[in-house]
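In: any chance you could fold what I've pasted below:
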Amino acid sequence: MSRGTLKFLAVLLSVLIVCVLVAGLDNLRRSVRAQIASERTALKAAQTQVQAAQADVGRDLESEAALYAAVPASREWPGALSKAAGELASAGQRMAELGALEKANHRTDRERAESLLAQERGLRTAGASEAAAIEKDAARWIDLKQHLPQALQGMERDYNAVHSFDLAPVAAAIQRAESDWPEKKPDLDARLNALRGEVATDDSLWQSSAEARRKAAAGDYTGIALVSTDADSLKAHAADLPAKAEELKALSGQLYYAWDKVLVDLETRGIGTNRSWDEEIRTIRTHVPNAAAKGGDTNSEDKWVEVPRATYEAQKNDLGMAVEHKAAGRYDSEAERTAQPAGFAYMAPPGQTNQYGYWEHHDGRDFWVFYGQYALLRDLLFNHSYRPLDRGDWEGYRTSRESGQTYYGRDEQAGTPRYGSQGTATEERYAGSSYAQSGGFRDSQYASKPGGYRNSPYASPSARDPNADHNARTFGSNREPGAARPPSGGGFRPSPRPSFRPPMRSPGRSFGRRH
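Out: Numbering: from 1, shown residues only. Model (predicted):
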């Protein structure tokens with residue numbers, strides 16, 4: 001074969017390859033063609049379904065004329081089924097156009113094909129769903145007729161369950177709560193009356209359906225629609241009433257608890273995508289026997305939780321603060337979520353006392369004193385380092401609270417906040433926290449640095465030992481220095497030092513729930 005012939009064949013082959021490639025680039029996308037094929041199959045199935053529904057419902061309407069004559073909705077079924085068939089016919093028109101686009105197989109038709117697919121899918125789904133709902137409703141009435149004796153017995157059983165339900169225990173709990181917390185009486189009465197109203201409504205339903213039930217039992221279906229509706233209502237109320245009664249009883253019980261969520265530690269861990277933001281929350285719950293009791297049962301739980309970075313950033317200045325507080329006499333849903341110095345919410349206005357404590361005048365100043373019965377509550381709130389609070393602190397707290405702001409106080413001697421992550425009181429109470437160990441109090445005597453708080457009364461014996469290892473430890477561990485740390489979703493990284501030093505008052509923040 002001559003060299004010229006070989007060159008000609010090579011050129012021809014190149015041209016053919018280019019033509020094939022160009023032709024392929026002009027094809028309708030494979031994913032679009034796959035959708036067309038799938039919708040074609042689904043449309044055929046829907047058309048078969050609607051045709052079957054029209055035939056089945058038509059036969060039922062004819063064979064059970066007496067039953068469906070008492071069901072007003074049945075008169076609308078033929079028209080609704082015709083509408084469903086029309087929607088499928090419109091879907092078929094879209095599919096025919098899609099078939100033409102599929103055959104032409106042009107890449108430029110993709111947007112048109114996708115639009116037609118969306119239209120066809122919507123019409124198909126609407127038509128098939130409407131037909132299925134009608135077919136199900138028609139079958140429900142047939143089933144009711146076939147099991148009418150059992151349905152009437154169930155209706156009576158549900159009525160008796162509602163009518164005989166004992167509301168006395170919840171009424172007694174409500175009465176006691178209203179006596180202790182009179183301001184809750186309107187709300188609690190309204191909730192209890194709503195339950196009593198359900199019982200009264202069911203009594204009325206039972207009486208009003210008596211004639212329809214008698215006829216249905218005798219084979220006269222003229223009132224069967226009323227029987228069906230009332231039976232559904234009675235069944236729902238019989239199931240809901242006990243649960244609603246328990247919910248109301250529990251709601252009144254919330255009034256006898258005060259609780260706080262105190263932020264007792266902060267830590268960031270890991271690096272990059274494995275970084276996490278963690279807070280240790282101390283939940284302190286106190287149960288009081290009544291509104292004026294000078295004593296109660298207190299318990300607490302400390303738990304580390306991982307929080308979103310936004311929550312961590314919003315609360316990183318609130319170490320030692322109560323990020324949530326719920327007073328006795330309030331529902332849990334009424335909890336305050338503006339951060340505040342832990343324990344302040346339990347103080348009475350100057351010159352007054354309450355169930356938690358009283359004001360004491362000493363050396364020309366007024367100080368708040370907790371009753372001995374609440375010593376555990378006091379110690380948990382102030383992390384076992386309580387010093388009597390003076391009137392000036394309370395006045396500042398009240399002013400901030402009224403304006404919806406967070407009160408951080410001010411240490412006049414140090415010229416810094418008293419509470420929160422940069423507060424002098426917090427540095428003292430939380431010197432052993434992970435926050436402190438990782439340098440959170442970097443500029444204070446409690447910072448984690450060689451000998452930084454070795455002489456502090458809050459330092460551990462090993463911290464006072466100049467020969468001991470003073471490297472920072474991580475939270476939740478008694479490991480020796482250098483021991484391996486359990487996996488925790490990434491390597492440890494010290495918490496960055498907050499750049500913001502809160503003023504005496506700052507906008508209030510809400511605690512992000514993670515538990």
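In: where does the prediction get shaky in this protein?
Out: Residues of the chain meeting the criterion pLDDT under 70: 1-4, 6-26, 441-515.
In: regarding it, what is its longest helix?
Out: helix 110-146 (DSSP state H).
In: remind me what that helix packs against, helices and strands.
Out: Under the contact definition 3 or more Cβ pairs under 8 Å, 6 or more residues apart in numbering; DSSP states H and E, helix 110-146 sits against helix 30-63, helix 65-69, helix 77-104, helix 224-254. Where you see a C-beta, it was placed from the backbone N, CA and C, and this is true even at glycine.
In: what angle do the longest one and helix 77-104 make?
Out: With axes from the mean of the first three to the mean of the last three Cα atoms, to 10 degrees as the basis, helix 30-63 and helix 77-104 are set at 160 degrees to each other.
In: okay, buried residues for helix 30-63 please.
Out: Residues 32-33, 35-36, 39, 42-43, 46-47, 49-50, 53-54, 57, 60-61 are the ones in helix 30-63 that count as buried (16 or more other Cβ atoms under 10 Å).
In: now do the third one
Out: By neighbour count, and taking 16+ other Cβ under 10 Å as the criterion, the buried residues in helix 77-104 are 77, 81, 84-85, 87-88, 90-92, 94-95, 98, 101-102.
In: looking at those, which is nearest Asp230?
Out: Nearest to Asp230 out of those is Trp77 (Cβ to Cβ; 22.9 Å).
In: contact partners for that closest one?
Out: By Cβ atoms under 8 Å, 6 or more residues apart in numbering, Trp77 lies in contact with Val57, Leu61, Ile134, Asp137, Ala138.
In: just the closest of these to Val162, please.
Out: Distances from Val162 to those, taken by Cβ to Cβ, are shortest for Asp137, at 26.5 Å.
In: the closest one and Pro72 touch, don't they?
Out: No. The pair Asp137 and Pro72 fails to qualify as a contact (Cβ atoms under 8 Å) at a distance of 11.9 Å.
In: looking at those two, which has the bigger crowd around it?
Out: Comparing Asp137 with Pro72 by neighbour count (other Cβ atoms under 10 Å), the higher total belongs to Asp137, at 14 against 9.
In: next, the contact list for that one, please.
Out: With Cβ under 8 Å, 6+ apart, Asp137 has these contacts: Ala73, Trp77.
In: can you tell me how far it is from Leu81?
Out: Per Cβ to Cβ, to the nearest Å, Asp137 is found 12 Å from Leu81.
In: go on, Ser38?
Out: Counting by Cβ to Cβ, the separation of Ser38 from Leu81 is 26 Å.
In: still on that earlier bit, now the helix or strand just after the longest helix of the chain and helix 224-254, what's the angle there?
Out: Later in the chain than helix 110-146, the nearest helix or strand by DSSP states H and E is helix 148-163. Calculated by the same axes, to 10 degrees, helix 148-163 forms an angle of 30 degrees with helix 224-254.
In: what number of residues are in the vicinity of Asp363?
Out: Neighbour number of Asp363 under other Cβ under 10 Å is 5.
In: give me the contact list for stretch 112-131.
Out: Counting by Cβ under 8 Å, 6+ apart, 28, 32, 35-36, 39, 42-43, 46, 49-50, 53-54, 80-81, 83-88, 90-91, 94-95, 97-98, 101-102 sit against stretch 112-131.
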